[in-house]
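Asker: Quick one: sequence and predicted model below, then my questions.
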Amino acid sequence: MDIEKLIAKKEQHLAWWEALVSQRHELDIDFDEAKIEQGREEQKIIIAALREYSYHHNPRPLTLDELRERVGEPVWVVWNEDHDYDGWDVLHSIGSTYAVFYGWRTWMVLKEYGKAWAAYSHKPKEGV
């Protein structure tokens, strides 16, 4: 089973658990509230750990929506033509036309995102 399928399975399990807990009174099931919360938090931690593992081992470019959520944060910028310029930069702002960075890249054209350049939450493996 690949990591993305495992994450999806864990998310489905958590959703099933949440649905069961929300219907416990109708089903006349008595749960220990502390154990319910502990189980819920454990599932969330497992899902977060699997996502972090996936980001490091199977990096994918951020979507533009994900990139928009990264304003003020560092991202790994990859140039598709010349990898000599790949590196960390902090996203200053993102509009409808440009992404503006604090570092040496200054601004990047959004319509070229995914073609000429891309941003990652982590440094991708060689050959990406």
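Answerer: Here it is on my side, so go on. Numbers count the residues shown, from 1 in each chain.
Asker: Of all the residues in stretch 29-48, which ones are buried?
Answerer: For stretch 29-48, burial by neighbour count (16 or more other Cβ atoms under 10 Å) applies to Gln43, Ile47. For glycine as for every other residue, the C-beta is placed from the backbone atoms N, C-alpha and C.
Asker: i'd like the first residue to be 809 from this point on
Answerer: Let's use 809 as the start, then, which means that last one is stretch 837-856.
Asker: gap between the lengthiest strand in the chain and the chain center?
Answerer: When the chain is parsed with DSSP state E, its longest strand is strand 895-902. Centroid separation between strand 895-902 and its chain, computed with Cα atoms, centre = their mean, to the nearest Å, is 16 Å.
Asker: If you count neighbours, what's buried in that strand?
Answerer: Buried-residue list, strand 895-902, by 16+ other Cβ under 10 Å: Asp897, Leu899, Ile902.
Asker: One more: stretch 817-831?
Answerer: Across stretch 817-831, burial judged by 16+ other Cβ under 10 Å covers Lys818, Leu822, Val829.
Asker: Just those: which are in helices?
Answerer: Among the buried residues of stretch 817-831, the members found in helices (DSSP state H) are Lys818, Leu822, Val829.
Asker: now these as a markdown table including distance to Tyr893 and pLDDT?
Answerer: Shown next, in a markdown table, are these (distance: Cβ to Cβ, whole Å; pLDDT from 0 to 100):
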| residue | distance to Tyr893 | pLDDT |
| --- | --- | --- |
| Lys818 | 37 | 86 |
| Leu822 | 41 | 84 |
| Val829 | 50 | 77 |
